[in-house]
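1. what follows is a protein structure lacking sequence information:
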């Protein structure tokens, strides 16, 4: 019996060499960014970001299949 897989977008704090195990996974880039922005503010005190920072973060989002 074959199992189905699904495509996701993923980003983790480790992608930025942070000592944090948080990983955001969602069906689209916008959801990943929202999860990451919430986590960055609540866990790391980094609230708000410039367009340049957002672009850098977006460039690290990976496509994965689960």
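-> Alright, I've got the coordinates. Since the model is a prediction, treat every value here as computed from it, not as a measurement.

2. from here on, just use CA atoms for contacts and neighbour counts.
-> Will do.

3. ok, residue 13 - contacts?
-> Applying C-alpha atoms under 8 Å, 6 or more residues apart in numbering to residue 13 gives the contacts 19, 20, 21, 22, 23.

4. can we see that at 7 Å?
-> Applying C-alpha atoms under 7 Å, 6 or more residues apart in numbering, we find residue 13 in contact with 20, 21, 22, 23.

5. remind me, longest strand of this structure?
-> strand 7-12 (DSSP state E).

6. run the chain-centre distance for the next helix or strand after that one.
-> Going down the chain from strand 7-12, the next helix or strand is strand 23-26, by DSSP states H and E. How far strand 23-26 lies from its chain's middle: 5 Å, per C-alpha atoms, centre = their mean, to the nearest Å.

7. name the helices or strands packed onto the longest strand of the chain?
-> The contact analysis (3 or more C-alpha pairs under 7 Å, 6 or more residues apart in numbering; DSSP states H and E) places strand 7-12 against strand 23-26, helix 29-44, strand 62-65.

8. for residue 54, find the nearest of these.
-> Closest to residue 54 of the helices and strands packed on strand 7-12 is helix 29-44 (C-alpha to C-alpha; 8.2 Å).

9. from the middle of its chain, how far away would the closest one be?
-> 7 Å.

10. same deal with stretch 56-66?
-> Relative to its chain's centre, stretch 56-66 lies at 7 Å (C-alpha atoms, centre = their mean).

11. how about that stretch: buried residues?
-> 57, 61 (16 or more other C-alpha atoms under 10 Å).

12. which residues does residue 12 contact?
-> Counting by C-alpha under 7 Å, 6+ apart, the residues that residue 12 touches are 22, 23, 24.

13. any of the residues you listed buried? List them.
-> Going by neighbour count (16+ other C-alpha under 10 Å), the contacts of residue 12 have 22, 24 buried.

14. and which of the contacts of residue 12 is nearest to residue 30?
-> Nearest to residue 30 among the contacts of residue 12, with distances taken as C-alpha to C-alpha, is residue 24, at 11.1 Å.
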